[in-house]
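> Got a sequence here, can you model it:
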Amino acid sequence: MTGASRGIGKVVALRLAEAGCNVCCASRSEESTELLPGSIHETKVAIEKMGRRGLAVPTNVRNEDEIRSMVAITVKELGGVDIVIHNAGALFWKPVHETPVKRFDLIMDVNVRASFILCHETIPVMKERGGGSILLFSPPIEPEVMPGKTPYFLSKFGMTLLAMGLAEEVREDGIGVAALWPATLIESLATINHQLGTPAHWRKPSIVADAVLALLGRDDKDWSGHSWIDEDVLRESGITDFDRYNVVEGGTPIPIVGKDGARAWRQVSHKFRDK
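Numbers count the residues shown, from 1 in each chain. Next up, the predicted model:
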């Protein structure tokens, strides 16, 4: 689990542990700070309190060798890899002409390149074990959301295309691959620090965690090769009341997919600040 120090990544990691998984927490954050609260070591401790094994492996996902080492450590310590989730992500919401090359390299490295390397390194392990599951946290391909944020969505759509193409390459190996994305803004450091609405406009990260467990809990791999939205996954599992996930009771979460999502992206993009 990349990006397991805080936010969605931490909540998903703990949800997996609760479901009986041993979890390798991969992230750069080894110490909690005021600006970046949470660390992989804190997540590891929380996992172990649930009676599962946790690993805290410092990993810069821009570094191929560090990803390869993290996978090797996981295999050695936990006996293999059954599930890979790439949650770590980089944001930069500016038009092409306002995006420095170094920022473009950052979002491409952390988003799509790291996804590729993770898949490249873990697929052989999964094949040896007779199967596995890979989830990339990336959005459905909706070109209408791109204007003003083209470089960012180029990297995120690249992840989705990777998931869809790879799914067919490894289907006969019993490996499922899919993209998953929230229907609305989720409470996280990104929404907080970049002032993307207020708590009344956010859902809790637990909705994403529940969607992950719902997908991975299916008996077959019919979910593979698709770009999923958390709401759709949960509806198929019989959940239709999403108010339980609102950060603020009675709130109105901002949509980030579909036509309403495209409008919302235009409204919140001007709040982005390069920190």
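> Show me the contact partners of stretch 224-237.
Identification of contacts with stretch 224-237 by Cβ atoms under 8 Å, 6 or more residues apart in numbering yields 138-141, 160, 163-164, 167-168, 171, 175-183, 207-208, 210-211, 214-215, 223, 242, 257. All C-beta spots, glycine's among them, are computed from the backbone N, C-alpha and C.
> In PyMOL, select just the buried ones from the residues you listed.
Buried members of the contacts of stretch 224-237, defined by 16 or more other Cβ atoms under 10 Å, are picked up in PyMOL with:
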select buried, resi 138+139+140+141+160+163+164+167+175+176+177+178+179+180+181+182+183+207+208+210+211+214+215+223+242+257
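> Which of the contacts of stretch 224-237 fall in helices?
In helices, judged by DSSP state H, the following of the contacts of stretch 224-237 are found: 160, 163-164, 167-168, 207-208, 210-211, 214-215.
> Please convert these to TSV, extending it with distance to residue 17 and pLDDT.
What follows is those, written out as TSV (distance: Cβ to Cβ, whole Å; pLDDT from 0 to 100):
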residue	distance to residue 17	pLDDT
160	27	98
163	24	98
164	29	98
167	26	97
168	31	97
207	18	98
208	16	98
210	15	98
211	17	98
214	17	97
215	17	96
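> Which two of these have the greatest separation?
Within the ones in helices among the contacts of stretch 224-237, two members stand farthest from each other by Cβ to Cβ: 168 and 207, at 28.4 Å.
> Looking at the ones in helices among the contacts of stretch 224-237, spot the one nearest residue 39.
Out of these, the member with the shortest distance to residue 39 (by Cβ to Cβ) is residue 208, at 20.3 Å.
> Just confirm that closest one contacts residue 8, I think it does.
Yes - taking contacts as Cβ atoms under 8 Å, residue 208 lies within contact range of residue 8: 5.2 Å.
> Look up the residues that both of the two are in contact with.
Common neighbours of residue 208 and residue 8 (Cβ under 8 Å, 6+ apart) are 137, 186.
> lowest confidence element among the helices and strands of this protein?
The helix or strand of the chain with the poorest confidence is helix 258-269; it has a mean of 72 (mean pLDDT, DSSP states H and E).
> Could I get the phi/psi values of the spatially most central residue of the chain?
Nearest to the geometric centre of the chain sits residue 87, at 2.6 Å (Cα atoms, centre = their mean). Here is the backbone geometry of residue 87 (degrees, to the nearest 10): phi -110, psi -30.
> contacting residues for it?
Neighbouring residues of residue 87 by Cβ under 8 Å, 6+ apart: 1-4, 8-9, 12, 137.
> Need the max-distance pair from the residues you listed.
4 and 137 (12.2 Å).
> Settle it for me: which of those two has more neighbours?
residue 4 (35 against 26; other Cβ atoms under 10 Å).
> Identify the residue spatially nearest to the more buried one, adjacent ones excluded.
Excluding the flanking residues, the one nearest residue 4 by Cβ to Cβ, 6 or more residues apart in numbering is residue 25, at 3.7 Å.
> beta partners for the one you found?
Beta bridges link residue 25 to residue 56, judged by DSSP bridges.
> Before we move on, what's the pLDDT of it?
In this prediction, residue 25 carries a pLDDT score of 96.
> Quick check, it in contact with residue 12.
No - counting by Cβ under 8 Å, residue 25 does not reach residue 12; the two are 10.6 Å apart.
> okay, and the common contacts of the two?
Among the neighbours of residue 25, those also in contact with residue 12 (Cβ under 8 Å, 6+ apart) are 1, 4.
> More neighbours: which of those two?
It is residue 25, of residue 25 and residue 12, that has more neighbours when counted by other Cβ under 10 Å, with 30 against 27.
> For the more buried one, which residues are in contact?
1, 4-5, 13, 40, 43-44, 47, 54-57.
> give me phi/psi at residue 27?
phi -170, psi 170.
> can you list the weak-confidence ranges in the stretch 151-275 of the chain?
266-275 (pLDDT under 70).
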